[in-house]
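*Asks:* Here you go, sequence then predicted model.
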Amino acid sequence: MNFSQSRPLATLLLSAVLLMLAANAGHGQAQPSAEGPFNAGASGNPYGRWENGPPSDPSFFPIAVWLQAPKNAARFKAAGINIYVGLWKGPTEQQLGELQAAGMPVICHQNEVGLQHKDDRTIIGWMHGDEPDNAQSLGAGRGYGPPIKPERIVGDYQRVKAADPSRPVLLNLGQGVAHDNYIGRGVRRGHLEDYPEYIKGCDIVSFDIYPVVHRKDYIAGKLWYVPKGVDRLRQWSGDRKVVWNCIECTRISNVKVKPTPYQVRAEVWMSLIHGSMGLVYFVHQFKPKFIEAALLADPEMLDAVTAINQQIHDLAPVLNSPSVRDVVTVSSSAAETPIDIMVKQHEGATYIFAVAMREGPTRGTFQIKGLPGKAEAEVIGENRRLDVTEGRFGDEFKGYQVHLYKMGLGR
């Protein structure tokens with residue numbers, strides 16, 4: 001952004017602060033664990049270690065859709081989706097052909113057809129079966145057995161990597177990652193010690209919990225369960241795995257409630273601020289009737305998700321850049337509504353991504369160290385600017401509201 005011509009001293013001072021920020025590359029303030037090779041504070045895009053994995057260009061940020069028919073790939077691509085995760089009873093030759101024609105890469109199971117396409121750049125990763133940490137069905141009317149043991153997941157991972165080490169392996173875990181008492185884990189309910197062992201069997205670890213449509217009152221509407229799971233995956237992996245997570249955007253099986261665009265945006269940015277490096281939208285609806293691509297059948301949500309995705313793609317080089325620590329702090333006027341932040345420095349600009357972590361309103365006061373005088377902060381996407389005095393500025397937050405700030409000398 002351009003500063004006022006009447007503020008040349010502030011401009012020079014801000015230039016010095018930006019250099020200081022670059023020298024303090026590290027974590028965003030909301031991130032819980034020590035710096036590792038694949039966390040949000042790591043420099044650059046993390047996918048370059050896999051020859052046939054996701055693009056390693058800093059402008060690439062993974063935004064996926066879960067288990068969708070390839071015939072809809074072009075429509076999802078127009079909405080900002082750049083990866084398919086999972087193929088029903090696939091991959092098949094027809095599925096891969098349709099995805100290749102649409103220019104849509106996929107992470108899929110490593111079956112015989114998949115291995116025949118090891119030289120096909122349409123496949124950018126392999127995956128385990130979904131949610132092995134949950135109790136496993138024994139078949140119709142036969143109930144459920146225990147979860148798949150972590151050692152089996154590790155063994156399967158080693159087998160997949162032996163067949164093709166050039167692609168990462170994705171493991172998606174269930175809501176037990178964030179929901180300690182989840183009954184769906186059966187005999188392993190509450191055994192959080194399983195999760196670090198599961199994570200040994202993958203390169204990319206993801207999980208899903210859908211708080212808006214959740215059936216339990218103590219979770220329903222509490223969006224912060226999503227970043228709670230992201231934090232845990234980062235902690236359990238020691239920041240040595242790439243962490244993704246799933247996002248709800250349909251009613252799924254809740255006939256009374258479905259997410260709003262506001263809630264989806266909050267879940268997305270909570271995830272990113274807490275260090276998620278990839279998003280997977282769950283777009284099925286099961287009740288009151290089954291719609292596989294329910295997002296595509298909901299114009300309001302589709303427009304909102306498209307806009308969210310476009311903003312992420314626009315900011316991808318920023319999200320893939322090093323985070324900075326110990327430079328920006330934020331305080332909340334309402335103790336019951338903390339504000340979490342991620343701070344980035346990219347091409348001469350400083351970005352502060354912020355979200356209110358609870359339902360109630362609050363006012364956030366931000367302090368940037370070592371920034372005397374006056375400056376301005378652009379609020380990205382909101383057509384407004386805030387005065388910054390002696391490195392301090394304030395802003396109002398509704399419950400779960402996201403604000404994205406930029407301070408810099410360019411653009």
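*Replies:* Structure received.

*Asks:* what about this structure, any weak spots by pLDDT?
*Replies:* 1-44, 409-411 (pLDDT under 70).

*Asks:* For residue 127, which non-adjacent residue is closest in space?
*Replies:* residue 170 (4.3 Å; CB to CB, 6 or more residues apart in numbering). Every residue, glycine included, has its C-beta placed from N, CA and C.

*Asks:* so that neighbour makes contact with residue 84?
*Replies:* No: contact between residue 170 and residue 84 fails when scored by CB atoms under 8 Å: they sit 11.7 Å apart.

*Asks:* Which one's more surrounded, those two?
*Replies:* Neighbours were counted for residue 170 and for residue 84 using other CB atoms under 10 Å; residue 84 has more, 29 against 24.

*Asks:* Please list all residues in contact with the more buried one.
*Replies:* 64-65, 68, 70, 73, 76, 99, 104-108 (CB atoms under 8 Å, 6 or more residues apart in numbering).

*Asks:* Could you do residue 173 as well?
*Replies:* Contacts of residue 173 (CB under 8 Å, 6+ apart): 131-133, 195, 198, 205-208, 233.

*Asks:* which ones among these are found in helices?
*Replies:* Counting by DSSP state H, the contacts of residue 173 place 195, 198, 233 in helices.

*Asks:* and the gap between the first one and residue 202?
*Replies:* Read that as residue 195. 12 Å (CB to CB, to the nearest Å).

*Asks:* the more surrounded of those two?
*Replies:* Neighbours per residue, other CB under 10 Å: of residue 195 and residue 202, the larger number sits with residue 202, 26 against 20.

*Asks:* so what's that one closest to, chain neighbours aside?
*Replies:* Leaving out its chain neighbours, residue 202 is closest to residue 171 (CB to CB, 6+ apart), at 3.6 Å.

*Asks:* So the protein: which segments form each domain?
*Replies:* Structural domains annotated on the chain: 8-24+326-408, 46-319, as defined by automatic domain parsing.

*Asks:* what sits in contact with each of residue 195 and residue 202?
*Replies:* The contact sets of residue 195 and residue 202 do not overlap (CB under 8 Å, 6+ apart).

*Asks:* Now do the strands in the stretch 151-300 of the chain.
*Replies:* 169-173, 204-207, 242-243, 245-248, 279-282 (DSSP state E, counting those that start in this stretch).

*Asks:* Equivalent analysis for the stretch 1-150 of the chain, please.
*Replies:* 25-26, 63-66, 83-85, 106-108, 123-127, 136-137, 144-145.

*Asks:* tell me what the fifth one is packed against?
*Replies:* Strand 123-127 sits against strand 106-108, strand 169-173, with contacts defined as 3 or more CB pairs under 8 Å, 6 or more residues apart in numbering; DSSP states H and E.

*Asks:* So which residues of the stretch 51-200 of the chain form helices?
*Replies:* 73-78, 93-102, 112-116, 150-163, 194-199 (DSSP state H, counting those that start in this stretch).

*Asks:* Pick the most deeply packed of those helices.
*Replies:* helix 194-199 (a mean of 19; mean count of other CB atoms under 10 Å).

*Asks:* what does that one contact?
*Replies:* Helix 194-199 has contacts (CB under 8 Å, 6+ apart) with 132-133, 147, 150-151, 153-154, 171, 173, 176-177, 188, 205, 232-233, 236-237, 241.

*Asks:* Any chance of JSON lines for the helices and strands packed on strand 123-127, columns distance to residue 141?
*Replies:* Converted to JSON lines, the helices and strands packed on strand 123-127 look like this (distance: least, CB to CB, whole Å):
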{"stretch": "strand 106-108", "distance to residue 141": "30"}
{"stretch": "strand 169-173", "distance to residue 141": "27"}
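
*Asks:* Out of these, which gets nearest to residue 245?
*Replies:* strand 169-173 (9.1 Å; CB to CB).

*Asks:* List the pairing partners of that closest one within its sheet, with orientation.
*Replies:* Strand pairing for strand 169-173, determined by DSSP bridges: strand 123-127 (parallel), strand 204-207 (parallel).

*Asks:* Please identify the deepest-packed of those.
*Replies:* Scoring the strands paired with strand 169-173 by mean count of other CB under 10 Å, the most buried comes out as strand 204-207, with a mean of 26.

*Asks:* Please save the CA atoms from that one in PDB.
*Replies:* C-alpha atoms of strand 204-207 as PDB (Å, rounded to 0.1, in the frame of the first residue of the first chain):
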ATOM      1  CA  ILE A 204       0.900 -35.500   5.300                       C
ATOM      2  CA  VAL A 205      -1.500 -35.900   8.300                       C
ATOM      3  CA  SER A 206      -5.000 -34.500   8.300                       C
ATOM      4  CA  PHE A 207      -8.100 -34.800  10.400                       C
END
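
*Asks:* and it, how far out from the chain's middle?
*Replies:* Between the mean C-alpha location of strand 204-207 and the chain-wide mean there is a distance of 10 Å, by CA atoms, centre = their mean, to the nearest Å.

*Asks:* Give me the contacts around it.
*Replies:* 125, 168-175, 177-178, 198-199, 229, 233, 237, 241-246, 278, 280.

*Asks:* Could you give me the buried positions within stretch 169-184?
*Replies:* By neighbour count with 16 or more other CB atoms under 10 Å, stretch 169-184 contains the buried residues 169-179, 182, 184.

*Asks:* Which elements pack onto the helix or strand where residue 396 lies?
*Replies:* Using DSSP states H and E, residue 396 maps to strand 392-397. Strand 392-397 sits against strand 349-356, strand 362-368, strand 384-389, with contacts defined as 3+ CB pairs under 8 Å, 6+ apart.

*Asks:* and if we set it to 6 Å?
*Replies:* For strand 392-397, the elements it packs on are strand 362-368, judged by 3 or more CB pairs under 6 Å, 6 or more residues apart in numbering; DSSP states H and E.

*Asks:* and the very next helix or strand once past the strand it packs on, which strands flank it?
*Replies:* Per DSSP H and E, the first helix or strand lying C-terminal to strand 362-368 is strand 374-379. Strand 374-379 has the following strand partners under DSSP bridges: strand 384-389 (antiparallel), strand 402-408 (antiparallel).
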